[in-house]
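> heads up, no residue letters with this:
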């Protein structure tokens, strides 16, 4: 049994809506060449990860275009960030630094992409369509 995108249940957008969104975006032509299975996986993963963010609370039934755009943008971010899952897994497993031969890398905790978060903050603060939690680190002062 294959998993499908169900708007207002496990996604805010359909594959057709995502196709339309990316058709008008510069630099996103690769979306059209993805299989339906890959598009489905990306949209479902972006929906789940946005819903899992502790700073956002957006109903699965939300219909605002900006929320649909955010889901598309985040699906694209996942697609173009092939090392993202590796970095998350390594950091979660306790790896902070590693080196191989003359190459070394310092691992940082993964953070939700700021431009996409900003789109959601603008929507949530202006529409009443959900809520977000803002925090400030006073130790930096």
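Okay, I see it. No experiment lies behind these values; they were computed from the predicted model shown. Residues are numbered from 1 along each chain as shown.

> what sits closest to the residue positioned nearest the centre of the chain if chain neighbours are left out?
With distances taken as C-alpha atoms, centre = their mean, residue 74 lies nearest the centre of the chain, 3.2 Å away. Distances taken as C-beta to C-beta, 6 or more residues apart in numbering put residue 46 closest to residue 74, at 4.1 Å, once the chain neighbours are dropped. C-betas here are computed from N, CA, C, even on glycine.

> on that earlier part again, who's in contact with whatever helix or strand the residue nearest to the centre of the chain lives in?
Residue 74 is part of helix 65-80 when elements are defined by DSSP states H and E. If you take C-beta atoms under 8 Å, 6 or more residues apart in numbering as the criterion, helix 65-80 is touched by 11-13, 17-18, 21-22, 28, 30-31, 34, 39, 42-43, 45-47, 49-50, 58, 84, 113, 115-116, 119-120, 122-123, 129.

> now with 6 Å?
The contact list for helix 65-80 (C-beta atoms under 6 Å, 6 or more residues apart in numbering) reads 12-13, 18, 21, 42-43, 45-47, 113, 116, 119-120, 123.

> turn these into JSON lines, columns for secondary structure, neighbour count and pLDDT.
Listed next are these as JSON lines, based on DSSP: H, G, I helix; E, B strand; the rest coil; neighbours: other C-beta atoms under 10 Å; pLDDT from 0 to 100:
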{"residue": "12", "secondary structure": "coil", "neighbour count": "30", "pLDDT": "94"}
{"residue": "13", "secondary structure": "coil", "neighbour count": "23", "pLDDT": "95"}
{"residue": "18", "secondary structure": "helix", "neighbour count": "25", "pLDDT": "96"}
{"residue": "21", "secondary structure": "helix", "neighbour count": "20", "pLDDT": "95"}
{"residue": "42", "secondary structure": "helix", "neighbour count": "23", "pLDDT": "95"}
{"residue": "43", "secondary structure": "helix", "neighbour count": "25", "pLDDT": "96"}
{"residue": "45", "secondary structure": "helix", "neighbour count": "15", "pLDDT": "93"}
{"residue": "46", "secondary structure": "helix", "neighbour count": "25", "pLDDT": "94"}
{"residue": "47", "secondary structure": "helix", "neighbour count": "21", "pLDDT": "95"}
{"residue": "113", "secondary structure": "coil", "neighbour count": "15", "pLDDT": "88"}
{"residue": "116", "secondary structure": "helix", "neighbour count": "19", "pLDDT": "89"}
{"residue": "119", "secondary structure": "helix", "neighbour count": "17", "pLDDT": "88"}
{"residue": "120", "secondary structure": "helix", "neighbour count": "22", "pLDDT": "86"}
{"residue": "123", "secondary structure": "helix", "neighbour count": "22", "pLDDT": "81"}
